[in-house]
Each structure stands twice: as structure tokens, then as C-alpha cells.
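J.: After the sequence you'll find the predicted model.
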There are 2 protein chains.
Amino acid sequence: MNTRAISGRLIEALGDDVVTVDTDGIAPWLTDWRGIYKGQAQAVVRPRNVEQVSRCLALCQEAGVPVVPRGGNTGLCGGATPDASPSNVVLSLDRMNAVRTLDTVANTLVAEAGCILGNLRRAAHDAGRLLPLSLAAEDSCQIGGNLATNAGGVNVVRYGMTRELVLGIEAVLPTGEVFHGLRALRKDNTGYDLKQLLIGSEGTLGVITAASLRLLPRADVRAVVLAPVESADQALQLFELLYGQCGARLQAFEFFTGACVDLVLAHAEGVQEPFAQRYPAYVLVELADTADEHALAALLEDVMGRALERDLCLDAAVSASLAQLQALWRLREEISEAQRADGPHLKHDISLPIEHIPAFMASCAQRLHAAGGDVRPFIFGHFGDGNLHYNLSRPAGAPTDWAALHGEPLTAEIMDEVMRYGGSISAEHGIGQLKREYFHRYKDPLELRLMRDIKRLLDPAGIMNPGKLL
Amino acid sequence: MNTRAISGRLIEALGDDVVTVDTDGIAPWLTDWRGIYKGQAQAVVRPRNVEQVSRCLALCQEAGVPVVPRGGNTGLCGGATPDASPSNVVLSLDRMNAVRTLDTVANTLVAEAGCILGNLRRAAHDAGRLLPLSLAAEDSCQIGGNLATNAGGVNVVRYGMTRELVLGIEAVLPTGEVFHGLRALRKDNTGYDLKQLLIGSEGTLGVITAASLRLLPRADVRAVVLAPVESADQALQLFELLYGQCGARLQAFEFFTGACVDLVLAHAEGVQEPFAQRYPAYVLVELADTADEHALAALLEDVMGRALERDLCLDAAVSASLAQLQALWRLREEISEAQRADGPHLKHDISLPIEHIPAFMASCAQRLHAAGGDVRPFIFGHFGDGNLHYNLSRPAGAPTDWAALHGEPLTAEIMDEVMRYGGSISAEHGIGQLKREYFHRYKDPLELRLMRDIKRLLDPAGIMNPGKLL
């Protein structure tokens, strides 16, 4: 069958309110939100239920037509953007957005793939429970995309990645077969845990249509401290102390350099200078507990007192009110937006064995210097997880197309240095289109071969999200 | 090649201190510890390093000889016991028992497969960290076996199953290829998470030789309460309250019937009657925190006070000392041994959506009654995870071979009832030989097909642990 003839068959099978084929209707679905990637498609399919997803995939597999699953389109690696083939069918899950169950006895939430993460978090909160997955895009990303990319975020140090919150999934395989794995059991040792293959597979093995997620106890009492440090090494020692002393309460351990603070103060409105002087770097720590604000604040005061005594930080500003807490967080949260306002730049979402971060930061800076760039690094991230956003902005005075023209060799230096320390070229953003070349260069050949074998097994016609990951 | 000729080649390749072929030397490796299963083997191989494991598997694959990986032999489903084929090679990991690294900055422990779980727990504790996997067999089970079976235990309600503690693995595939996945990264979104296939695969896909595990903050301050309840439904309501109020401190929520207490008092020495009267059932709750014993005890007193006010339990005995805490725990811990002392019985390690436990317990009791048994049920387990050990002992006065002669139809009734409620026929023990028939009967055909496909992909010669799981 002509691959373009699929549009007619999809409309016939699913109706023209589900299948869009006109150029204007398709146009908004062809780019990522940053505008870096642009592709083509012959149709956009927006199913209302799992049966429609199944029929769509069965028809596409029969015709050998590529399918690009799409969630909230908040990814940073182009994983949900179609490639240049005009045959592509974009499959958006946005209409499958029902919460099927929310149970505070079972502590589970069963949600369809198109549910907005922030809405799920609020639904859990209102029911007296916590869905701990939290990230900058939470009010536009969809839970299906979070699972497909194994999303991370700011509370991974306490609650783990998306994968660790998933009890079961419903998914449609490329054949159109429905995987009925929407179990909500905390323990189920009956064979290989197949859902793990789909989680983090970036839409290359099938389409997740719903998930059963663990809910945790709410931890509404919070305490935050901003602690300047002279180096990543000092931050590391501070982390070791806090991890042991604060126990499960430690839910964020963020790091950013003084340059990031300069950038935020230059671009974000209403953000306050945190101390009387600028320090080389800062650590932002958040503790949270179910109750007893006083005890939590006392714990934080106590442990930061010990940190200061032991020279594990240079100062400490502890939040004394919700307004102060939010003001401290803004210093961290505004970095991405401030860097965007500063102009095009290079994003590197990397992770390292946490104990090697100081050495990596020193040697990577040397390599970049040797590579001749007077580039401006803005380094921040989820330090407690070993996860840095090692971003580079153009040299002062350089034209705004500098990153596009000169970025690649610097990215190559950073990726190579990450691998030298046994790190990962993608901590939480995934591979998508952006990091495919580095993924193929650095991944162990045995692992690559096994991944390709599994891809062939589940997607024999090779229709799922071509040009991404593998 | 004659499959029996492999012994000579193994000795040639690995030496006769690694390979045992004489009948007396092999004999201790042919049974499970309960003495239910007995198999045959031509050789026992006890490698000292991953290279030797690799050579063993490569040779066995070439010769088409079945390999049965073996850890501490504490499993309850016969998963590490060879089948009746005289060709089997038993591969014991007991000599690979080094702790490669233990890092309190990275909070990781890299241990070889043969390490005894209890030793790893003590090593972590001495370093100021917690390895939270804890189960009855911890002083004889090996961490490799824990991973291969995705072991559970008493603290899953807080820390999750073994799978959730694993950051990376080193494994040997049936081809002899070494999977170098011993990463210790908290975040690494670079392709399919292949290690998940081996975790819980019961030795059917390859041999895990080492693991990188997460360490948690120590939580040495503990508080325990024993609360009698009139029903599973009341236990469920109590769980809902405690889960929300105690947050991450809730690390055990165990359940057992009054009959279990009778059994323990009859068979275990030095165990005290906990209350002035026998109640229908009991809940044992443990909270733990990093510090402040007084605050933890006050929290437990407070929340149990509210529970009594709301009629969520019938009484409450809170531990006021370590001795009391241990005495309360003995009521739960001695159940298995007391049932063993009572004679042969039927073990059923099942899980249910927790909200359905009360209905399941009522209807399952009816089914067993209708099936004509005046069997004695001893029901206990990790209620907070939805995990029950729904064990049956012979009717009073029946001969001790009753379970062997009459058990199967009753097991079939229970398994069927579990499936009717969307539960699992194996919560934490796995499938092994014991539950293979039920696994094949109840598992979704699509999942079974995918598991077989993956098995063929990783183990094309079908040498790994035949007769187990698939």
C-alpha cells in the first residue's frame, strides 16, 4: 500500500474528528517547543481511547507508516517531533486525559497518558496524598511523556525517577496489541517486568496509554536553606552530612554557580540578591515532612550549624516564612529562563558519579579553555543526584548565532569528559534526536546490540518513532 | 559434543578447585533447603571472578548444557534447584563475595553476587548508612539471588523491592558475553534499561555477578506498636491513617491472625501473651527515623490515640524499650518457624490490591470451606504491601502427609480467588518450579509470548535454568 493512502484509512476507521490531514491542522504538531526541530507528517491522530490507539497502530504497521507519539511536547531533545519523512503520523495522547482511579487506601493513581502532570499532582494533594514527580514543565507536560522519557526533576534525591513511581502500565504495541499491565500491586514477582522496557523508551517500542502510579504521604511542612560554598567539593561534603542527618526529609539538593545568580538578577524581575556578596557557588536544600514545622526548622538550623562549624559552607540563609522559601527557590528556578533571555545557548544534561563532580568540573573547564572558547558556562542542577545542567552561553559580545555555529566541538569535549568519569550523556532529558550521535558513539556495543534486538522484537516493522534514540 | 563431556572441558578451563564432578561433592547442591525439590547435575562450578563465569557459560552454551545459577539456596520455590536432567551444571556464586566499593558520599555499595545480605547490611550500617533490604533469610541468602528473584521483605512498604535499590549490575549472558552495567548513577536516561530484564528473571536470562546498590540514611530510632483488630477491614483503615500521618517513617505494617499467635505461643519459647485476651487479628507497626526517639514515640502515641478514638483498632501496646520492641516483633517473626514445627503445610505467597484484602479473605475462606477442608489457615504477612502469606496447615488430627496428598485442590482454589481480585500468585517469592503451572495458566498470553521472545533473544540455546519460570 502507498504509505500516503493511510490517511484515508485512518479517517475511515477513526473519524475525521480524530484524524487531521489538512496542512494547517497539522502544522502546529511539527515542531518542538524550543523551535529547534521541525519535521513533516501526513496526519495527526488524537484518539479518545485505547481501542482507537490500537486501530491506529495496527493500520500504520500494516502500511509500514512511521508513528510519532506525542505528549505535552515539553521535551528538550526533539523526541516527540517527527523527522523529515512526509509519511509520518503524529499520534497525540492529549485527549486521553481521564483520571481512572485515585485511591488513598491503596495509595494509587491510575491516569491516562494525556493527563497533565500538574493536574495529577493537585488531584493527589486534594485527596491527602503526594504524587512526587515534580519538574519545571509540570503544568504542560503529560504523564505519558513523563513515563516514555523516565522524567526526573527536583525531588529525585528523595523519591527517585518516574520509573520508581510506576506500578503498572497499559500500552499499545506497534502491532496494535494491547498490553494490559495496569496492575496496582506493590509486589508482583511473576516473570520479567516487561513494563520496564517501555518506560524510558522514548516512544520507540510502543505507546503508553495509561499508568498506575504510587502515591506517597503528603509532606507539606517544608524548610529551605541557601548555603554559599566555595567549590563543588565543599558542596559534596555538605551533601554527605545532610544526607545522613536529615534522612528521608531531604528532598532537594540543588547547586548553581555565582554566574547563574548574576544571570538571574540581570534578567528576572523581583529576585533579591541573597547575600551581601557574590560567592563562587550556592547550594539550595529543601527538607520536607508530614508535620511539625518547628521540629523541621530546628533540625535544619542544627545541621547547618554543624556544617558551618565544620567549614562545609560559607554562610547559610534559612527560610523563616513561605515567602522567603519561595524567594530562595526563585534563584534556582529562574536560571533556565534567564539563560534563554540571554540568548541561544548549549544545554548539556549530564550526570556523574557524584563523588567525581569536583574533579569533572575542574578538568572540563580546562578542556573548554584549551578548546579556545571564552564561552560563558552556567552550571546548575540536581547535585544530590549527580545531575548537572552544564550549559554554555556565547562569549560576551559574540553574535547570537554563535552556539549554532561553534557549539558542536565544545559539546563533544564535554561529552567526552563525562564519559571519562563514567557519567551519562543524558541524565534526565533522554536521547531523542539531540543526543543520538553521542549515544551511538559511547554506548557499550553489547548494550546497543541488545537494544536493537529488543526494538526488532517489539517493533518488527520499525514504525515507532524513527530517527529517535536507536 | 556429548553434553556429559562438558565436565572435562570445564575442569580444563577453570581448574578442579573450581569445578566439582564427583558424586559426593555434587550431592549437597541438588536440593532446596526445605527438601521439597531434588535434581541432578554432572558438575558444580564455583567461579572466583566474572571471567570464570563467562568461560563457564560460553562452554555450556557451545555444548548445549543446562546451567542452574545458585545463590544462598534460601528460595521457597525451587528456583535454584536443578531439574532431573543429569546434564545440569550448577553454577554457584558463593565465592564471588567481595564488597568492591562502599561509598558514603555517593551512597552506593558495589557488591559481588555471592555476598551474604546480612553482611552487606552490617557493612553499610558500620559506615553510617542503611541497605534497607531485610528478610528472614538475610544471614544466609546472597545478594545475587536477591536480585535474581527481586526479593521483598518486611520494609518494602517504605523502601520498595530489591529492584528499586539497584543502580546497576554486572552480568554474564548465556553466550558468555559480559554485560558491563555496573554503573552507580542515580540518573541515566540513555536507552532501554536492560538491567531490569535480569532483575527478577530467576536465572533464566543470564547470571548477575555484581550489583551497584543504593544506600539510604540510617534510621536507627525505632518505635513499634502491636494493635489488635477485629478484622482485615479495620486493619485497612488503620493503615490508611498511619500511612498519611507517619510519612516516610512507616517502615513495617504487618498483619497476623489470632490463630498465628496461638501457634507461636505453642511452639516458640519465651514468647509472651501480648494482651489479656486473644483477638481475631493483630497489626504490628514499626516507625523509624534518623534521630529523636522521644519525638518518634510521641508521634506513634498520638496517632494510635486517634486510631483508638476512631475505632480503627481494639487496643494498642506501644514498645517502651528495645526489649519490648523485640518481644513484639517475635510474635510476628516466629510464625513461620512455629508453623514448620507444627508439620508440613501449604505456603501461598500472594498479593492483592490492598483495598480488596478484606473481601478476598472472606470469600477465600468460604471457598476453602466449600471445598470441604477443615484445614487450619495461618494468615499473616506484609499487609501494607498487599502481601499475604496465606498458609494452610492440615486439619487437626490429620496425618502429616495431608498437605502433600490433599493440598493441590486447595491451592488451586486460592490461586483462582487471587486472580479474581486482580492479585498476584507470587508477591515476593517468585515462580521457580513451585508455581510454574499457575503462572502459565493465569499470565496474560501476550505477556507470556513476550517473555518467551525475550528468553529466546537472550538465551538462544535455552541453557539457562530450564524448568523454572517459563
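T.: Thanks, I have the structure now.
J.: pLDDT averaged over the longest helix that chain A contains, what's the number?
T.: Assignment by DSSP state H gives helix A:402-420 as the longest helix of chain A. Averaging pLDDT along helix A:402-420 yields 95.
J.: interface residues of the stretch 251-400 of chain A facing chain B?
T.: The stretch 251-400 of chain A has residues A:289-292, A:295, A:299, A:351-355, A:382, A:385-387 near chain B, with proximity defined as Cβ under 8 Å from any Cβ of the partner chain. Where C-beta positions appear, they are placed from N, C-alpha and C, glycine not excepted.
J.: now, which of the residues you listed sits nearest A:Asp416?
T.: Proximity of those to A:Asp416 was ranked by Cβ to Cβ; the top entry is A:Leu352 with 13.3 Å.
J.: How is the residue of the stretch 51-200 of chain A found nearest chain B assigned, secondary-structure-wise?
T.: Residue nearest to chain B within the stretch 51-200 of chain A: A:Gln196 (3.5 Å; Cβ to the nearest Cβ). Look at A:Gln196: counting by DSSP: H, G, I helix; E, B strand; the rest coil, its state is helix.
J.: who does A:Asp103 bridge with?
T.: Assessed by DSSP bridges, A:Asp103 has beta-bridge partners A:Thr108.
J.: returning to that earlier point: show me what contacts the closest residue to the residue of the stretch 51-200 of chain A closest to chain B other than its chain neighbours?
T.: Excluding its sequence neighbours, the residue lying closest to A:Gln196 (Cβ to Cβ, 6 or more residues apart in numbering or on different chains) is B:Gln196, at 3.5 Å. Shown in contact with B:Gln196 (Cβ atoms under 8 Å, 6 or more residues apart in numbering or on different chains): A:193, A:196-197, B:163.
J.: Repeat that for A:Gly128.
T.: A:Gly128 makes contact with A:104, A:218, B:244 under the criterion Cβ under 8 Å, 6+ apart.
J.: who wins for most neighbours among those residues?
T.: Neighbour tally across the contacts of A:Gly128 (other Cβ atoms under 10 Å in any protein chain shown): the maximum, 21 neighbours, falls on B:Gly244.
J.: Please give the element, helix or strand, for that residue.
T.: helix B:232-246 (DSSP states H and E).
J.: tell me the domain ranges of chain A?
T.: Following the TED database, one finds the domains of chain A at A:99-217, A:221-421.
J.: what's the most buried one of those domains?
T.: Of the domains of chain A, the one with the most neighbours on average (mean count of other Cβ atoms under 10 Å in any protein chain shown) is domain A:99-217, at a mean of 23.
J.: And for stretch A:427-437, what's in contact with it?
T.: With Cβ under 8 Å, 6+ apart, stretch A:427-437 has contacts from A:36-37, A:75-81, A:83, A:149-153, A:156, A:161, A:200, A:202, A:349-351, A:382, A:385-388, A:425-426, A:439, A:467-469, B:185, B:187-191.
J.: Going along the chain, name the helices of the stretch 351-470 of chain A.
T.: A:357-370, A:402-420, A:436-442, A:445-458 (DSSP state H, counting those that start in this stretch).
J.: same question for the last one, mean pLDDT?
T.: This points to helix A:445-458. Rounded mean pLDDT across helix A:445-458 is 98.
J.: got it, and the first one?
T.: The pLDDT scores in helix A:357-370 average 96.
J.: now the shortest one
T.: The average of the pLDDT scores along helix A:436-442 is 97.
J.: picking that back up, can you check which of the domains of chain A gets nearest to B:Val285?
T.: Proximity to B:Val285 (Cβ to Cβ) singles out domain A:99-217 among those, at 14.1 Å.
J.: ok so, going back, would JSON lines of the helices of the stretch 351-470 of chain A with distance to B:Thr31 be doable?
T.: Shown next, in JSON lines, are those (distance: least, Cβ to Cβ, whole Å):
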{"stretch": "helix A:357-370", "distance to B:Thr31": "50"}
{"stretch": "helix A:402-420", "distance to B:Thr31": "47"}
{"stretch": "helix A:436-442", "distance to B:Thr31": "46"}
{"stretch": "helix A:445-458", "distance to B:Thr31": "35"}
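J.: Contact partners for A:Ala404?
T.: A:Pro344.
J.: do A:Glu202 as well
T.: When the contact criterion is Cβ under 8 Å, 6+ apart, the partners of A:Glu202 are A:79, A:148-149, A:430-432, A:465, A:468-469.
J.: and what of A:Leu194?
T.: Going by Cβ under 8 Å, 6+ apart, the list of residues near A:Leu194 reads A:179, A:181, B:447, B:450-451.
J.: Geometric centre of chain A: which residue is closest?
T.: Centroid-nearest residue in chain A: A:Ala151, 3.9 Å away (criterion: Cα atoms, centre = their mean).
J.: how about the residues of the stretch 51-200 of chain A near chain B?
T.: Near chain B, when you scan the stretch 51-200 of chain A using Cβ under 8 Å from any Cβ, you find A:103-107, A:128-129, A:149-150, A:152, A:156-157, A:160-161, A:163-164, A:173, A:177-181, A:183-194, A:196-197, A:199-200.
J.: Inside strands: which ones of the residues you listed?
T.: Using DSSP state E, the subset of those located in strands is A:103, A:129, A:178-181.
J.: Flag the shaky bits of chain A, pLDDT-wise.
T.: Applying pLDDT under 70 to chain A picks out residues A:1-4.
J.: how about a cut-off of 80?
T.: A:1-4, A:372-373 (pLDDT under 80).
J.: rewinding a little: can you give me every residue that contacts the residue nearest to the centre of chain A?
T.: A:133, A:135, A:141, A:145, A:161-162, A:428.
J.: What of A:Val105?
T.: Contacts of A:Val105 by Cβ under 8 Å, 6+ apart are B:236-237, B:239-240, B:354-355.
J.: Over to A:Gln272?
T.: Contacts for A:Gln272 (Cβ under 8 Å, 6+ apart) come out as A:Ala327.
J.: So it: helix, strand or coil?
T.: coil.
J.: And it, how close does it get to chain B?
T.: A:Gln272 sits 31 Å away from chain B, going by Cβ to the nearest Cβ, to the nearest Å.
J.: give me the subset of the contacts of A:Val105 touching chain A.
T.: Contacts with chain A within those, as defined by Cβ under 8 Å from any Cβ: B:236-237, B:239-240, B:354-355.
J.: From those, pick the one nearest B:Ala276.
T.: B:Ala276 lies nearest to B:Gln237 out of these, by Cβ to Cβ, at 24.0 Å.
J.: quick one, what contacts that closest one?
T.: B:Gln237 makes contacts with A:105, B:310, B:312, as judged by Cβ under 8 Å, 6+ apart.
J.: Distance to B:Ala412 for those residues - can I get that in CSV?
T.: Converted to CSV, the contacts of B:Gln237 look like this (distance: Cβ to Cβ, whole Å):
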residue, distance to B:Ala412
A:Val105, 29
B:Arg310, 39
B:Leu312, 35
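J.: on that earlier part again, so of the residues of the stretch 251-400 of chain A next to chain B, which ones are in strands?
T.: Checked against DSSP E, those include these in strands: A:289, A:351, A:382, A:387.
J.: thinking A:Leu308 is in contact with A:Asp302, fair?
T.: No - if you go by Cβ atoms under 8 Å, A:Leu308 and A:Asp302 don't touch, sitting 11.0 Å apart.
J.: what's the most distant pair in the ones in strands among the residues of the stretch 51-200 of chain A next to chain B?
T.: Longest span within these, Cβ to Cβ: A:Arg129 and A:Val178, 28.3 Å.
J.: Include distance to B:Val318 when you put the domains of chain A into JSON lines, please.
T.: JSON lines is the format used below for the domains of chain A (distance: least, Cβ to Cβ, whole Å):
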{"stretch": "domain A:99-217", "distance to B:Val318": "21"}
{"stretch": "domain A:221-421", "distance to B:Val318": "18"}
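J.: Between the contacts of A:Gly128, which sits nearest B:Ser87?
T.: A:Thr104 (53.7 Å).
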